[in-house]
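Asker: Any chance you can model this:
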Amino acid sequence: MPFNIPNTLTWARIALIPIFVGVFYLPDAWLSVPHKNLIATALFAAAAVTDWFDGYLARALGQTSAFGAFLDPVADKLMVAAALILLVQLARVDAIIAVIIIGREITISALREWMARVGKSASVAVAHVGKLKTAAQMAAIPLLLYNAPLLSIDLTKLGSVLIYVAAALTLWSMGYYLHRAIPLLMADQKS
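Answerer: As a prediction, the model looks like this:
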């Protein structure tokens, strides 16, 4: 396990998760709900920035590694899953949306692992629709965490629309990856 700046940033993102979740469990007497929302939004945004930054640094510094390539998406999925579960608990996201997004992540991760084992990982490489899905959910989640208007813009309503867009793109991208993998799955079953 190489210790370098990109991997350290990824580990820091994982370490933020219990802090991010813990903010909502502090007594309201210690921290008001609007302050909890603001801190959680800032922590999620910081995690999103480190996600971009660790990938950039890994390439710029020539510090890419198989371990980093494994750990980075795990950190992303853990942070998004934690945020979605919190948002369901706070009644800001419907449970079905969280199930769709988290279920897709588990399904596609398992599919990618299987495809790598049979030497066909390029068949399920990240596609444009997957990037759109990620962008929609990374925009929606902070808006839903913040849960307050800003400059007379209803960020909660905007976040709600974006999370539904993210769920639709989630289903579309899962269909795309499964469509690409099914012929390979069928061929593997015949051999």
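Asker: Show the model's pLDDT score for residue 117.
Answerer: Note on residue 117: pLDDT of 74.
Asker: From residue 130, how far off is it?
Answerer: Remark: distance between residue 117 and residue 130 (CB to CB, to the nearest Å) = 21 Å. Placement of C-beta: from N, CA and C, glycine included.
Asker: Phi and psi next, for residue 153.
Answerer: Backbone torsions of residue 153, given as degrees, to the nearest 10, read phi -100, psi 130.
Asker: Which pLDDT does the model give it?
Answerer: 89.
Asker: Mind listing the residues bridging to it?
Answerer: Assessed by DSSP bridges, residue 153 has beta-bridge partners residue 150.
Asker: elements contacting the longest helix anywhere in the chain?
Answerer: Longest helix of the chain, by residue count under DSSP state H: helix 155-190. In terms of contacts (3 or more CB pairs under 8 Å, 6 or more residues apart in numbering; DSSP states H and E), helix 155-190 is packed against helix 95-117, helix 128-146.
Asker: Domains of this protein: list them as residue ranges, please.
Answerer: Here the domain parsing of the chain from automatic domain parsing is 1-91, 93-191.
Asker: May I see the buried residues of stretch 55-66?
Answerer: 55, 57, 58 (16 or more other CB atoms under 10 Å).
Asker: Quickly find the element holding the residue lying closest to the second one once chain neighbours are set aside.
Answerer: Translated: residue 57. Of all residues not flanking residue 57 in the chain, residue 6 sits nearest, at 4.8 Å (CB to CB, 6 or more residues apart in numbering). Residue 6 belongs to helix 5-23 when elements are defined using DSSP states H and E.
Asker: And that helix, what does it pack against?
Answerer: Counting contacts by 3+ CB pairs under 8 Å, 6+ apart, helix 5-23 packs against helix 33-60, helix 66-89.
Asker: how about residue 9, what does it touch?
Answerer: 50, 53, 54, 57 (CB atoms under 8 Å, 6 or more residues apart in numbering).
Asker: quick one: contacts for residue 159?
Answerer: When contacts are counted by CB under 8 Å, 6+ apart, residue 159 touches 92, 139, 140, 141, 142, 143, 144, 146.
Asker: so who does the nearest residue to residue 172 once chain neighbours are set aside touch?
Answerer: Leaving out its chain neighbours, the residue that sits closest to residue 172 by CB to CB, 6+ apart is residue 129, at 5.5 Å. Residues in contact with residue 129, defined by CB under 8 Å, 6+ apart, are 169, 172, 173, 176.
Asker: isn't the third one right next to residue 130, touching?
Answerer: Yes - Residue 173 is within contact range of residue 130, at 4.6 Å (criterion: CB atoms under 8 Å).
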